[in-house]
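# Please work out how this folds:
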Amino acid sequence: MTSEMQPEGNGGGPGDLLLLERAVARIWKVIWVLGAGGAAAFTVWRGWTWGAGWLIGTAVSALNFRWLHRLVKAIGGESARPRKAVFLGMRYVLLGGGAYVILRFSAISLLAALSGLFVSVAAVVVEILVELAYARNGTVDY
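Alright, predicted model coming up:
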């Protein structure tokens, strides 16, 4: 494929990396806005146990998004380290065990915490919709 036949923006150049980092920054902002707004709404609607559960779920969701973002950035960037691979595999076991202990022996709502786990997914969907809306006129970098 010749250079004039390749679609623009698929080269992985510095401009693409800048757009990616700006998208990730917007996703982080949406995660925290949804987390704070959801906690406030759940606290007013169902009480502090639901607000705290939502915050715990949001924190775990944000932590998982951070780990996935770091993993994607590290792919191919450095040599494989066995310790890092073991941690990446064990993180869900550690998070699940911690969540079980906290939620099993406290009054915090399990349903609210499970709902909060989807905050980063919702933030990514919001970013997709923003990019689709701004792609029509080419001003996605607002």
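
# buried residues in whichever helix or strand residue 73 is part of?
Per DSSP states H and E: residue 73 is located in helix 48-74. Residues of helix 48-74 classed as buried by neighbour count (16 or more other Cβ atoms under 10 Å): 49-62, 65. Quick note: C-beta positions are derived from backbone N, CA and C, even for glycine.

# and residue 107, how many neighbours?
10 (other Cβ atoms under 10 Å).

# where does it land in three-state SS?
coil (DSSP: H, G, I helix; E, B strand; the rest coil).

# wait, what's in contact with the residue nearest to it when sequence neighbours are not counted?
Using Cβ to Cβ, 6 or more residues apart in numbering and skipping the chain neighbours, the partner closest in space to residue 107 is residue 49 (5.1 Å). Residues in contact with residue 49 (Cβ atoms under 8 Å, 6 or more residues apart in numbering) are 107-109, 112.

# can you map out the strands along the protein?
Here the chain has no strands by DSSP state E.

# Helices of that one, start to end?
14-46, 48-74, 82-104, 110-116, 119-135 (DSSP state H).

# Could you report the pLDDT at residue 10?
At residue 10, the pLDDT value in this model is 50.

# Kindly apply the preceding question to residue 42 instead.
95.

# From residue 24, how far off is the residue nearest to residue 107?
Residue 49 is 32 Å from residue 24, where distance means Cβ to Cβ, to the nearest Å.

# Check residue 52 too.
From residue 52 to residue 24 the distance is 27 Å (Cβ to Cβ).

# Equivalent analysis for residue 36, please.
19 Å.

# higher neighbour count, the two?
Shown here are residue 36 and residue 24; by other Cβ under 10 Å, residue 24 has more neighbours (17 against 13).

# Please save the CA atoms from the helix or strand of the chain with the lowest mean pLDDT in PDB.
For the chain, counting by mean pLDDT, DSSP states H and E, helix 82-104 ranks last in confidence among helices and strands (a mean of 73). The C-alpha trace of helix 82-104 is given here as PDB (Å, rounded to 0.1, in the frame of the first residue of the first chain):
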ATOM      1  CA  PRO A  82       7.500 -12.400  35.600                       C
ATOM      2  CA  ARG A  83       6.700 -10.500  38.700                       C
ATOM      3  CA  LYS A  84       4.600  -8.000  36.800                       C
ATOM      4  CA  ALA A  85       2.800 -10.800  34.900                       C
ATOM      5  CA  VAL A  86       1.900 -12.600  38.200                       C
ATOM      6  CA  PHE A  87       0.600  -9.300  39.700                       C
ATOM      7  CA  LEU A  88      -1.500  -8.700  36.600                       C
ATOM      8  CA  GLY A  89      -3.100 -12.100  36.900                       C
ATOM      9  CA  MET A  90      -3.600 -11.900  40.600                       C
ATOM     10  CA  ARG A  91      -5.100  -8.400  40.700                       C
ATOM     11  CA  TYR A  92      -8.700  -9.600  40.200                       C
ATOM     12  CA  VAL A  93      -8.200 -12.200  42.900                       C
ATOM     13  CA  LEU A  94      -6.900  -9.500  45.300                       C
ATOM     14  CA  LEU A  95      -9.700  -7.000  44.400                       C
ATOM     15  CA  GLY A  96     -12.400  -9.700  44.700                       C
ATOM     16  CA  GLY A  97     -11.100 -10.900  48.000                       C
ATOM     17  CA  GLY A  98     -10.900  -7.300  49.400                       C
ATOM     18  CA  ALA A  99     -14.400  -6.500  48.100                       C
ATOM     19  CA  TYR A 100     -15.800  -9.700  49.600                       C
ATOM     20  CA  VAL A 101     -14.300  -9.000  53.100                       C
ATOM     21  CA  ILE A 102     -15.400  -5.300  53.000                       C
ATOM     22  CA  LEU A 103     -18.900  -6.000  51.800                       C
ATOM     23  CA  ARG A 104     -19.600  -9.200  53.700                       C
END
